[in-house]
Every structure is written in C-alpha cells, then in structure tokens.
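Visitor: Provided below are the primary sequence and the corresponding predicted coordinates.
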Amino acid sequence: MDDVEHYYANDKDATEYQVKIIAFTLGLYLVFFAFVTNYINVWLIIPVSSILVTRWMIAFHELFHLKKADDLDWMTRLVPIPFSPVNLGYREYRQIHMGHHRHTAQKEDPDAFHIRGGHLKALLGALTQHEQATYRFIKQHGLSKEFTVMFGLRAALFFILLLAFGKAFLAWFLVLRITYVINDYVFFHLVHYRAGPEGKFKHGKSSYGTFKIPLPTWLQYPAIVIYGIDVVYATMHHDIHHHNTRIAAKYLPRIAGEE
Ligand SMILES: [Zn+2]
Ligand SMILES: [Zn+2]
C-alpha cells in the first residue's frame, strides 16, 4: 500500500463534509416545518428525517478527523439538532472520539458505555447516549464558558420547539432519537464487539476490537442510493478506519481490496 496517501481525506473533503452537515441540518428543519404546516404527513417525515440524520452522523464523524472545532462555523460547532435537552457540541464529541481511537473498546474508551458489556448493556448505553455522554463529559472536564453557552442554546432550542409545537415536535424528536440509537448501536457496539474468541481484547466470553461488517453487494447498492457511499463504506470498513483514520470513507473499499 505504497500510495495510500492518495486516499487520504483532504481540505476539499473537509469542506464537503461541512457543507453536508449544514445542508442536512437545514434539511431536517425544513421537513419538520413542512410537517407542522401540513405540507407533508408523518409517513414522509419518518424516512426523510431518518435518512438525513444517518447521513449527518457520518459526515459529522468524518469531519472529526479533519478539523478542530475552532476551524469550523458556529452552526457545525453548536449541533442544533434536538436529539436531547442535554447534549454536547462538535468540540466535545470530537474530544470523546479521539479518546475512542486511543483506547478503542477498552475500559478507558469514553464510548465504552455503549460498546462493552454485551448486546443489552450496549443497547441501554445507545438509548441514553446523549445524556450519558453529557454527564460523563461534564464530570471529567468541567464546564468551559463556550460549552456552557452552547449547552444552554441547545437546551433552549429543545424546549422552545417543544413548547411551540408540542406533539408534532415529540413525533419528530422520536424519529431523530430512534434513528440515532440504531446507528449508534451499529457504529459503536456492532463494529467493536464480537461474542466469541476472536478479537483483540478478551474478557471472558466477550471480544472487543474493531471488526468489519460485510454487506452483500445486492444490499450495498440500494443502501448507497439511500444513505450515500460515506455511510455504507464507513460502516462496512470501520476496521480500516481504526487502522488509518486519514483514509476518506469513500476510498475504504479500495484499501480493503474490494474495488
Ligand atoms: Zn473515527
Ligand atoms: Zn470505532
């Protein structure tokens, strides 16, 4: 793999991820306001919001490896998507993610609570990811001025939307949250845990490490059409991402020798 640098994500990719994050965020609000003004019904807001959140999550992750919070616009840093009344911003999630790469699936991994301990415990971790991540982050790092302001803005946005739109907001919130939980479970637990003897870190019957999730070709194509190549390839080849975080998601199958 002598010319692996060829496949590294660059500034152009970073700008693309940043633009996508803003576009997906605005897209989510657009479908919500189309829903509350009765332009679209609940059966349309569910798939559209779910697809946008999934695409947003991977763009958000890819950008962690390319840009610090200070290099980004306020909207990307703020994360104004109401997944929870208590949530973190780009800077904090990036810091957590760097810890995840340093201590992957070990007890010291800040994401251990939604990776380790078997399927059910990881699911409980994924269900409470935003609240637990926020609580653990504040406990460990305290409150900076910027964090407090942004935390307050996110919480205010959540409650303003709840008070203004009531049930319609709760329906949208549930779609955002359930989608996040499912994706979080796949992108943390399923790629870092195997019941059985394989894997790098063995704790009794459980194995922790980073594993690929092979998808049959017939499933890859429709998944790519719906979710885009970044989502599909980043999920399938998370093992390569942990080996070399600089490789752009779109090139991961090439490194895996599948293209
Ligand atoms: Zn990563
Ligand atoms: Zn990982």
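Guide: Great, that's in hand. Ligands and ions are numbered 1, 2, ... in the order given.
Visitor: The helix or strand containing Arg194 pairs with which strands?
Guide: Per DSSP states H and E: Arg194 is located in strand 193-195. When pairing is defined by DSSP bridges, strand 193-195 lines up against strand 206-208 (antiparallel).
Visitor: Mean confidence (pLDDT) on the strand it pairs with, please.
Guide: In this model, strand 206-208 has an average pLDDT of 79.
Visitor: so where's the stretch 51-200 of the chain uncertain?
Guide: 196-200 (pLDDT under 70).
Visitor: try 80 this time
Guide: For the stretch 51-200 of the chain, applying pLDDT under 80 flags the ranges 195-200.
Visitor: residue contacts, the nearest residue to Ala256 once chain neighbours are set aside?
Guide: Nearest non-adjacent residue to Ala256, counting by Cβ to Cβ, 6 or more residues apart in numbering: His237, 5.5 Å away. For glycine as for every other residue, the C-beta is placed from the backbone atoms N, C-alpha and C. Contact partners of His237, counting by Cβ atoms under 8 Å, 6 or more residues apart in numbering, are Lys212, Leu252, Pro253, Ile255, Ala256.
Visitor: Report all helices and strands that the longest helix belonging to the chain contacts.
Guide: Taking DSSP state H as the criterion, the chain has its longest helix at helix 145-184. When contacts are defined as 3 or more Cβ pairs under 8 Å, 6 or more residues apart in numbering; DSSP states H and E, helix 145-184 sits against helix 11-36, helix 42-64, helix 74-78, helix 90-102, helix 119-127, helix 129-141.
Visitor: Let me know the angle separating the second one from helix 90-102.
Guide: For the pair helix 42-64 and helix 90-102, the angle between their directions (axes from the mean of the first three to the mean of the last three Cα atoms, to 10 degrees) equals 70 degrees.
Visitor: What about Lys145, how many residues nearby?
Guide: When neighbours are counted by other Cβ atoms under 10 Å, Lys145 registers 7.
Visitor: That one and Gly152: what is the separation?
Guide: 11 Å (Cβ to Cβ, to the nearest Å).
Visitor: Tell me the bridge partners for Arg194.
Guide: Residues in beta-bridge contact with Arg194 (DSSP bridges): Ser207.
Visitor: Go ahead and confirm it touches Phe211.
Guide: Yes: if you go by Cβ atoms under 8 Å, Arg194 and Phe211 touch, sitting 5.9 Å apart.
Visitor: Pick out whichever of the two has more residues nearby.
Guide: Neighbour tally, Arg194 and Phe211, criterion other Cβ under 10 Å: the higher count belongs to Phe211, 19 against 14.
Visitor: Now do the buried residues in the longest helix of the chain.
Guide: 147, 150-151, 154, 157-158, 161, 165, 168-169, 171-173, 175-177, 179-181, 183-184 (16 or more other Cβ atoms under 10 Å).
Visitor: between that helix and helix 11-36, how many degrees?
Guide: Using the same axes, to 10 degrees: helix 145-184 against helix 11-36 is 80 degrees.
Visitor: so how far is helix 145-184 from its chain's centroid?
Guide: On the basis of Cα atoms, centre = their mean, to the nearest Å, helix 145-184 sits 16 Å off its chain's mean C-alpha point.
Visitor: returning to what we had before: show me how to select, in ChimeraX, the buried members of the contacts of His237.
Guide: Remark: buried members of the contacts of His237, expressed as a ChimeraX selection using 16+ other Cβ under 10 Å:
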select :252,253,255
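Visitor: Lowest-confidence member of the contacts of His237, which is it?
Guide: Ala256 (87).
Visitor: Enumerate every residue touching the residue nearest the centre of the chain.
Guide: What sits nearest the mean C-alpha location of the chain, by Cα atoms, centre = their mean, is Met57, with 3.6 Å. With contacts defined as Cβ under 8 Å, 6+ apart, Met57 is in contact with Tyr180, Asn183, Phe187, Val231.
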